[in-house]
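Q: Provided below for reference: sequence and predicted model.
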Amino acid sequence: MTERILRRNTFGLGTAREVGTEIFMSRHAITLVKRNAGGIAYWDARWYDPTAGKRRGRSIGRCDKLSKRQAQKLLSRIEVEFEHDPRARSPETIPTLGEWLELLIQRKRAAGRKPKTMRDYDITKRLLIRHFGSDRRLNTITKFDLEQFRVRLAQHKLHDALNNKNHRRANAVSVVKYMRLVAAIFNEAFDDDLMPRNPTKKLGLPQSPASTWRKIDADEFWKLYNAAHESLKPLLALCRLAALRYSDALGLRWSNVRFDEGVLTFRPMKVERFAKVDARVPICAELRTILEELRHPTLPGLPGAAIRIDGYVVPRDAPKQGYEQFKQACKRAGLEPWSKPFHTLRKSCIDDWARLAPPNVVMEWATHTTLSTTMKYYAKVHRADESLGQMQLLRPQTQQPILPWVAAAQ
């Protein structure tokens, strides 16, 4: 067996010589080798791996498809890749996709991420391994590979990895959510110097589409509130009248209720790692009345007695029976149950705030980190808003001159 080897020097030139079965290779040079296999000639790149003490190779292409000059250009790209990423010379030093995902999930769990967030990461891990396999090296995954992954995910060819009981397929919103998690996974791999380039940098992830939701007006809310169980009423009031999240409402204590200042002060659970100060949410007149009745309840024959001393505003039996009691209350009130009941009440309150206060104030009250989230997902355009645009925009100059000194000169 003979092989033709082209050694490249510092100036990009090379000399060819015929050798036998023994290949003399420099410890740092990358050589171009012409290899015969099954009667077909191939161009190979060969180099020495100092970490493992082995000679390694990578196929460049068939000789009948690539000329020597074309193979040399591809060899130059490999040299540049090794200069930018020395790990590529030793593939064993680069973790596989399965190893990196396992390490990343352990890191997220140790950082105290929420259980729902960890479930999303577990699903994303199964989707990536279902498409790429667990033995795929991180540095071999490109932007084109992730585009193919997104196409297969959108075409429901990976839905078996979702592992849900009802075998539901991922919709457009779920595809965007999982692709954003994929971007976060590869961003951390790039930040840890495990990849020479970030394949998600120019992936062009679309923004999450704003889903449609039903606003619960005052009449519907009070019907629901009056028909609800006593343990559910505080939860409904905090979500609809103070726009608290379900988790924040359950964790709200009486020490967080400042009647003298007229605000609720608490640290949001969902964005606790972003919040530097406690959130301050105003207490409206309706909510103040409800909270004062809950704070100082009365029992027959025992005026002013407190019926609960656990310190929480919402009773502890509400989390276990909240959704079932919600459906029962809707049935008694003659209302059709809606999806995401407590989050919809929160959105309805924020939508009311958007018509009373400036957007930056509404963002603070809603405990959001960005204004775009508040305006895109929590504010709606109603038919009643059209009447605002039907008002008189410009007054005659004789009634209200734009420049007062012009009127004085006249």
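A: All right, it came through fine. Numbers count the residues shown, from 1 in each chain.

Q: return the residues in contact with the closest residue in space to Ala357 that isn't next to it in sequence.
A: Counting by CB to CB, 6 or more residues apart in numbering, Ala357 lies nearest to Trp365, which is 7.4 Å off, once chain neighbours are set aside. For the C-beta atoms, the positions are set from N, CA and C on the backbone; glycine is no exception. Contact partners of Trp365, counting by CB atoms under 8 Å, 6 or more residues apart in numbering, are 243, 279-282, 350, 353, 357.

Q: distance of Trp365 from Ser247?
A: Counting by CB to CB, to the nearest Å, the separation of Trp365 from Ser247 is 17 Å.

Q: Three-state assignment for the spatially closest residue to Gln328 that is not a sequence neighbour, please.
A: Using CB to CB, 6+ apart and skipping the chain neighbours, the partner closest in space to Gln328 is His229 (7.6 Å). Three-state call for His229 (DSSP: H, G, I helix; E, B strand; the rest coil): coil.

Q: His229 contacts Lys327, correct?
A: No: using CB atoms under 8 Å, His229 is not in contact with Lys327; the gap is 11.4 Å.

Q: so for these two, which sits in the more crowded spot?
A: A side-by-side neighbour count of His229 and Lys327, using other CB atoms under 10 Å, places His229 first with 18 against 12.

Q: what's the pLDDT at that one?
A: Predicted confidence (pLDDT) for His229: 88.

Q: identify all contacting residues around stretch 257-270.
A: So stretch 257-270 is contacted by 114, 242, 244-245, 247-248, 251-252, 256, 275, 278-283, 288, 291-292, 295, 313, 367 (CB under 8 Å, 6+ apart).

Q: for Lys233, phi and psi?
A: As for Lys233, its main-chain torsions (degrees, to the nearest 10) stand at phi -60, psi -50.

Q: now do Tyr48
A: According to degrees, to the nearest 10, Tyr48 has phi -100, psi 130.

Q: pull the number of nearby residues for it.
A: By the criterion of other CB under 10 Å, Tyr48 has 17 neighbours.

Q: roughly how far apart are it and His159?
A: For Tyr48, the distance to His159 (CB to CB) stands at 45 Å.

Q: check Gly98 too.
A: Relative to His159, Gly98 is positioned 21 Å away (CB to CB).

Q: and what of Asp120?
A: Applying CB to CB, the value for Asp120 to His159 is 16 Å.

Q: Leu335 reaches Phe221, doesn't it?
A: No: between Leu335 and Phe221 there is no contact under CB under 8 Å: 9.8 Å.

Q: so these two - more neighbours on which side?
A: More neighbours surround Phe221 than the other of Leu335 and Phe221, with 21 against 16 (other CB under 10 Å).

Q: wouldn't that one be in contact with Arg240 here?
A: Yes: in terms of CB under 8 Å, Phe221 counts as a neighbour of Arg240; the distance is 5.2 Å.

Q: which residues do the two both contact?
A: Common neighbours of Phe221 and Arg240 (CB under 8 Å, 6+ apart) are 345, 348.

Q: residues in contact with whichever strand or helix holds Lys376?
A: Using DSSP states H and E, Lys376 maps to helix 371-377. Contacts to helix 371-377, defined as CB under 8 Å, 6+ apart, come from residues 210-211, 347, 350, 354, 359-360, 362-363, 366, 368.

Q: ok, stretch 382-393 next?
A: Lys215.

Q: apply 10 Å and report the result again.
A: Stretch 382-393 is contacted from outside by 215, 351, 355, using CB atoms under 10 Å, 6 or more residues apart in numbering.

Q: show me which residues of it are buried.
A: Neighbour counts over stretch 382-393 (16 or more other CB atoms under 10 Å) mark no residue as buried.

Q: from the chain's centroid, how far away is it?
A: 36 Å (CA atoms, centre = their mean, to the nearest Å).

Q: equivalent analysis for stretch 71-79, please.
A: So, by CA atoms, centre = their mean, the centroid of stretch 71-79 is 38 Å from its chain's centroid.

Q: same check, this time on stretch 276-283
A: Taking mean C-alpha positions (CA atoms, centre = their mean), stretch 276-283 and its chain are 24 Å apart.
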